[in-house]
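S.K.: have a look at this prediction, sequence included:
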Amino acid sequence: MDFNIKYPTLVEQSYEFMKQLKPDLTKQEVYLLLVENNMIDEDGHPTEFAIENHLVDVELLKKHGILPLIEREDNN
């Protein structure tokens, strides 16, 4: 059964990297790992932990429009 789920960009990028190390890994497993390890929130946005520890490239994510929540918080 193929549900054709659209995962957040950070999950897709992590999946592409991680599947080289573990080919049987699923995108769902990558998503859960990233959420459980406080890398992304449930909506797929990077957490403050990930940003503060330079685990994501904030400028690159802003350039590609992946950080809308952070943009809104900065303007408040």
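M.R.: Yes, it's here. Residues are numbered from 1 along each chain as shown.
S.K.: list the buried residues of the host helix or strand of residue 12.
M.R.: Using DSSP states H and E, the element containing residue 12 is helix 9-18. Buried residues in helix 9-18, counted by 16 or more other C-beta atoms under 10 Å: 10-11, 14-15, 18. Quick note: C-beta positions are derived from backbone N, CA and C, even for glycine.
S.K.: find the nearest non-adjacent residue to residue 43, please.
M.R.: Ranked by C-beta to C-beta, 6 or more residues apart in numbering and with sequence neighbours excluded, the top spatial neighbour of residue 43 is residue 8, at 7.3 Å.
S.K.: could you pull up phi and psi at that neighbour?
M.R.: phi -60, psi 160 (degrees, to the nearest 10).
S.K.: state the number of residues packed around it.
M.R.: Residues near residue 8, counting by other C-beta atoms under 10 Å, number 18.
S.K.: so what does residue 44 look like in phi/psi?
M.R.: As for residue 44, its main-chain torsions (degrees, to the nearest 10) stand at phi 90, psi 10.
S.K.: residue contacts, the nearest residue to it once chain neighbours are set aside?
M.R.: Nearest residue to residue 44 in three dimensions, chain neighbours excluded: residue 8, at 2.5 Å (C-beta to C-beta, 6+ apart). Residue 8 sits next to 31, 40, 43-45 when contact means C-beta atoms under 8 Å, 6 or more residues apart in numbering.
S.K.: from the residues you listed, keep the buried residues only.
M.R.: Applying 16+ other C-beta under 10 Å to these, the neighbour count classes 31, 40, 44-45 as buried.
S.K.: could you dump the residues you listed to JSON lines with secondary structure, distance to residue 58 and pLDDT?
M.R.: JSON lines is the format used below for these (DSSP: H, G, I helix; E, B strand; the rest coil; distance: C-beta to C-beta, whole Å; pLDDT from 0 to 100):
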{"residue": "31", "secondary structure": "helix", "distance to residue 58": "21", "pLDDT": "96"}
{"residue": "40", "secondary structure": "strand", "distance to residue 58": "13", "pLDDT": "94"}
{"residue": "44", "secondary structure": "coil", "distance to residue 58": "15", "pLDDT": "89"}
{"residue": "45", "secondary structure": "coil", "distance to residue 58": "11", "pLDDT": "88"}
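S.K.: that'll do, ta.
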